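>>> Prediction below, plus the sequence it came from.
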Number of protein chains: 2
Amino acid sequence: MSRTAPEAAASTENPTPVAGVPEDSPVLAVARRAREAAAELAPLPRTVRDGALLAVADALEARTAEITEANARDVARAREAGTAEGIIDRLTLTPERIAAIASDVRDVVALPDPVGEVVRGSTLPNGLELRQVRVPLGVVGIIYEARPNVTVDAAALCLKSGNAVLLRGSSSAYASNTALVEVLRDAVADAGLPADAVQLVPGEGRESARELMRARGLVDVLIPRGGASLINTVVRESVVPVIETGVGNCHVYVDEAADLAMAVELLVNSKAQRPSVCNAAETVLVHAGVADRFLPLALAALRDAGVTVHGDETWAKAGASAGVEVVPVTDEDWGTEYLSLDIAAGVVPDLDAAVAHIRRWSSGHTESIISRDTAAVRRFVSRVDSTAVIVNASTRFTDGGQFGFGAEIGISTQKLHARGPMGLPELTSTKYVVTGEGHVRG
Amino acid sequence: MSRTAPEAAASTENPTPVAGVPEDSPVLAVARRAREAAAELAPLPRTVRDGALLAVADALEARTAEITEANARDVARAREAGTAEGIIDRLTLTPERIAAIASDVRDVVALPDPVGEVVRGSTLPNGLELRQVRVPLGVVGIIYEARPNVTVDAAALCLKSGNAVLLRGSSSAYASNTALVEVLRDAVADAGLPADAVQLVPGEGRESARELMRARGLVDVLIPRGGASLINTVVRESVVPVIETGVGNCHVYVDEAADLAMAVELLVNSKAQRPSVCNAAETVLVHAGVADRFLPLALAALRDAGVTVHGDETWAKAGASAGVEVVPVTDEDWGTEYLSLDIAAGVVPDLDAAVAHIRRWSSGHTESIISRDTAAVRRFVSRVDSTAVIVNASTRFTDGGQFGFGAEIGISTQKLHARGPMGLPELTSTKYVVTGEGHVRG
């Protein structure tokens, strides 16, 4: 019997170092435990993972008092710090909200299991059997802002897809997140999963996030969820592969051949139905050929919806005629994700100019065209390079729930791995399994 | 008519700055031109792209003299620098080799077009039509070493999949690559594609590669092809998303229930059939229960194949009995991709110890198990987290050609986007196209 191989194999005292992070960092310690947990998790069958999630849902309800108590401390701290009521509302957990979170977890249990799906398979000419099979990614890190419900949502999606999860929430929700993760860990451990499959990244400062971003080889992917500044920081600084989510500078293009009544309705819905989310429209571009007729209709409807228009000269003139105030648009407006009842508005000479404008300013999330002209639609769809191109419908439909994915961990605006709403399959990788009976290459 | 929108749209004088790269960098200039070319390329139908590739193949044959002349300068320079003959051979282009490269391009033309494939699609409950469609990635950067045939191979695969390509070869092949890219650009331009769809990254120094790695927003993905040091540098330094390829520290595990004659044959084929490639085996682990019988057979067969065994104590003892020299194995050996007629060899107490050893030392490329025991095979396959797990066959089968993909741009050893041999679909992303008739969200 060899000493070298099994000893080397069992060695956890000699772990892979991570450049730029102190060896005794508590962040590395949780990442290493997550990696061990991921190895245990990957081969478990669906019933075990589903059982753990049902236990999580039950435990959230049973231990609601603990959670709301911890949450009250975060809320009190936020009030003392003079935080805006809107943000405090998003931070607050009530028994009803906790019940809703538990119910969401049960919905995740019911979704199809992505792990083990045979993505493609064939018997090769030499008789080798080739299968490409979905497997968990391994360790997923989530860096997110205020809302503590993300803690449970993200953990549920990761566990369902067989991944270990490292949660790095905002310091404003640290007490709530700590309580929630304790409930989650206890529940999954009771159900026979490793508790370390769910861990909070220790520390409230920027340093802990920075160390997480350096833990390549321990963390398989980082998903930032939050505002543009958080996402940009992670994209810029992370050595771990990142899936970029969420920033949506979305455009509505009203073509010369648009049904103008439909266009007004879609524009208002895209902008104003829920302005604070990433699939809300931030810019409208109108074909010059219908500007005379469309602008007065749009200005009235946007005013009635409480929307401030930041318009170019044509919009300004139309505003003056209609008695609606139009704020002059600037380059900054074209590049802004307002997330408010504001919209940038321009007139373009033709469809290609709209496409060029979108190429220049869009964040690549969602763009829509409103047109009855099949050739125009075809040209727009083939030339606009965004996650979603919407034809004669509201931009608000780019959403995992609307797409029928059951749940989403975010909307990826990058091109690699996952693009658009990310459901469970997007939290997996694949591996090839090749089976022969002594096949050699000649 | 607005001035603001179309002017902003057309603006190329105000391009996105790239952090850490001088605005007048020639690398940024080619990346920006590639981005423009990618936008023109994406909507072109297959016939146009295929026509350009056929023109490329013809031009390579017609302009062979130019190419071999330029190549002769690189070869002369390499000889003067005292380069090893093996590397000079890989650098050398003969008319026969150029004809073979042209023939490979024609093979790529014949492959199915990945662009436009509907990956999934459905009609949502509200009547919206949802389609997820393959689209080109955009601009693909390839950073590669000595062999100038990669210049044409990579360009052909990128063009076939609708991408613009930035080629950054090694300085030792700069004259050859310059000549090849000139031929490619002329041919694609004659066929109606933008010449800037194929560009060589200017400059021979490290700085030009570094600038390419910073061009996030202009380059969609970087694929390094070459040795471990090149790949690690790109992975560590790139701000552009990277697909890690190629390092293969592959393992053969001989289970207690192995057919030992098959195991010997597979071990020798995995190690020695072509030792210089990434899917060659670098370590063999043997179950203790069969070590007594297997090691003498393996030692004799490996010796006959010219392989040096770096073994643990058990292998050393077996070597002493059999009169075969066994070099003592070190931790460094377990972690080494030899790419030569060397193999690290250990004995493990059981299958789980083999899995743990692989988890500790493998690069995640290819591992094989040789066993007649279905339970052992199932356990190994579900617990080994590598790109390919091979059952009762040679590790040498992890290969795009062997898998029937027609061609490959490399073998990804990472988990995001693409894992394993990368064919044409792996050079694409997707976008969602959502079609309604005035659908709004309520």
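Happy to help now that I have it. Residues are numbered from 1 along each chain as shown, chains lettered A, B, ... in the order given.

>>> Who are the contact partners of the nearest residue to A:Ala258 once chain neighbours are set aside?
Nearest non-adjacent residue to A:Ala258, counting by C-beta to C-beta, 6 or more residues apart in numbering or on different chains: A:Ile370, 4.4 Å away. For every residue, glycine as well, the C-beta is placed using N, CA and C. By C-beta atoms under 8 Å, 6 or more residues apart in numbering or on different chains, the contact set of A:Ile370 is A:Val252, A:Tyr253, A:Val254, A:Asp255, A:Ala258, A:Asp259, A:Met262, A:Ala263, A:Leu266, A:Leu267, A:Asn392.

>>> number of nearby residues for the fifth one?
Looking back up the chat, that one is A:Ala258. 26 (other C-beta atoms under 10 Å in any protein chain shown).

>>> any idea which element A:Arg90 lies in?
helix A:85-91 (DSSP states H and E).

>>> quick one on the thing from earlier: dig out what the residue nearest to A:Ala258 forms beta bridges with.
In this entry, A:Ile370 is beta-bridged to A:Val254, by DSSP bridges.

>>> Using the three-state scheme, assign A:Lys431.
strand (DSSP: H, G, I helix; E, B strand; the rest coil).

>>> wait, what's in contact with it?
Residues in contact with A:Lys431, defined by C-beta under 8 Å, 6+ apart, are A:Gln132, A:Val133, A:Val135, B:Asp385, B:Ser386, B:Thr387, B:Ala388, B:Val389, B:Arg419, B:Gly420.

>>> wait, the fifth one sits on B:Ile369?
No: at 11.5 Å, B:Ser386 and B:Ile369 do not qualify as touching, with contact defined as C-beta atoms under 8 Å.

>>> Would you mind extracting the C-alpha trace of the helix or strand hosting A:Leu297 into CSV?
Here A:Leu297 sits within helix A:288-304, counting by DSSP H and E. C-alpha atoms of helix A:288-304 as CSV (Å, rounded to 0.1, in the frame of the first residue of the first chain):
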residue,chain,number,x,y,z
ALA,A,288,-39.0,60.4,-38.1
GLY,A,289,-41.8,59.4,-40.5
VAL,A,290,-44.4,59.1,-37.6
ALA,A,291,-43.0,61.6,-35.2
ASP,A,292,-45.6,64.3,-36.1
ARG,A,293,-48.5,61.9,-35.3
PHE,A,294,-46.9,59.9,-32.5
LEU,A,295,-45.2,62.5,-30.3
PRO,A,296,-48.4,64.3,-29.2
LEU,A,297,-50.1,61.0,-28.3
ALA,A,298,-47.0,59.7,-26.4
LEU,A,299,-46.5,63.0,-24.6
ALA,A,300,-50.1,63.1,-23.3
ALA,A,301,-50.0,59.4,-22.2
LEU,A,302,-46.6,59.7,-20.5
ARG,A,303,-47.7,62.9,-18.7
ASP,A,304,-50.9,61.1,-17.5
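
>>> so what does it touch, helix or strand wise?
strand A:250-254, helix A:260-272, strand A:281-287, helix A:313-322, strand A:342-348 (3 or more C-beta pairs under 8 Å, 6 or more residues apart in numbering or on different chains; DSSP states H and E).

>>> and of the ones you listed, who's closest to B:Arg97?
Counting by C-beta to C-beta, B:Arg97 lies closest to strand A:250-254 out of the helices and strands packed on helix A:288-304; the figure is 49.3 Å.

>>> For the stretch 151-300 of chain A, what lies in contact range of chain B?
Proximity of the stretch 151-300 of chain A to chain B, by C-beta under 8 Å from any C-beta of the partner chain, involves residues A:216, A:220-221, A:235-236, A:239, A:241, A:243, A:259, A:262, A:265-266, A:269, A:273-274, A:285, A:288, A:291.

>>> List buried members of those residues by neighbour count.
A:216, A:220-221, A:235, A:239, A:241, A:243, A:259, A:262, A:265-266, A:269, A:273, A:285, A:288, A:291 (16 or more other C-beta atoms under 10 Å in any protein chain shown).

>>> nearest to B:Leu157, of these?
Nearest to B:Leu157 among these: A:Pro241, at 22.5 Å, using C-beta to C-beta.

>>> I'd like the distance between that closest one and A:Tyr144.
According to C-beta to C-beta, to the nearest Å, A:Pro241 and A:Tyr144 sit 17 Å apart.

>>> bridging residues for the closest residue to chain B within the stretch 201-350 of chain A?
Closest approach between the stretch 201-350 of chain A and chain B, counting by C-beta to the nearest C-beta: A:Gly346, at 3.2 Å. For A:Gly346, the beta-bridge partners are A:Leu285 (DSSP bridges).

>>> My guess is it contacts A:Asp331. True?
No: between A:Gly346 and A:Asp331 there is no contact under C-beta under 8 Å: 11.4 Å.

>>> Those two: which is more packed in?
More crowded of A:Gly346 and A:Asp331, by other C-beta under 10 Å: A:Gly346, with 29 against 15.

>>> now the strands for the stretch 301-442 of chain A?
Using DSSP state E, counting those that start in this stretch, the strands found in the stretch 301-442 of chain A span residues A:308-311, A:326-328, A:342-348, A:366-370, A:388-393, A:410-412, A:420-422, A:428-439.

>>> again with the stretch 101-250 of chain A
Under DSSP E, counting those that start in this stretch, the stretch 101-250 of chain A gives strands at A:118-123, A:129-136, A:139-144, A:164-168, A:198-200, A:221-225, A:250-254.

>>> List the contacts of A:Gly227.
A:Glu145 are the contacts of A:Gly227 under C-beta under 8 Å, 6+ apart.

>>> quick one on the thing from earlier: now the helices and strands packed on helix A:288-304 in TSV, with mean pLDDT?
Formatted as TSV, these follow (pLDDT from 0 to 100):
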stretch	mean pLDDT
strand A:250-254	98
helix A:260-272	98
strand A:281-287	98
helix A:313-322	97
strand A:342-348	98
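
>>> What separation do you get for the residue nearest to A:Val105 when sequence neighbours are not counted and chain B?
Distance criterion C-beta to C-beta, 6+ apart; nearest residue to A:Val105, sequence neighbours excluded, is A:Ala57 at 4.3 Å. Distance of A:Ala57 to chain B, given as C-beta to the nearest C-beta, to the nearest Å: 26 Å.

>>> just to confirm, which helix or strand has A:Ala57 in it?
Per DSSP H and E: helix A:46-62 holds A:Ala57.

>>> For that helix, give me every contacting residue.
A:41, A:67, A:98-99, A:101-103, A:105-106, A:108-109, A:113, A:115, A:152, A:155-156, A:159-160, A:162, A:180, A:183-184, A:186-188, A:190-193.
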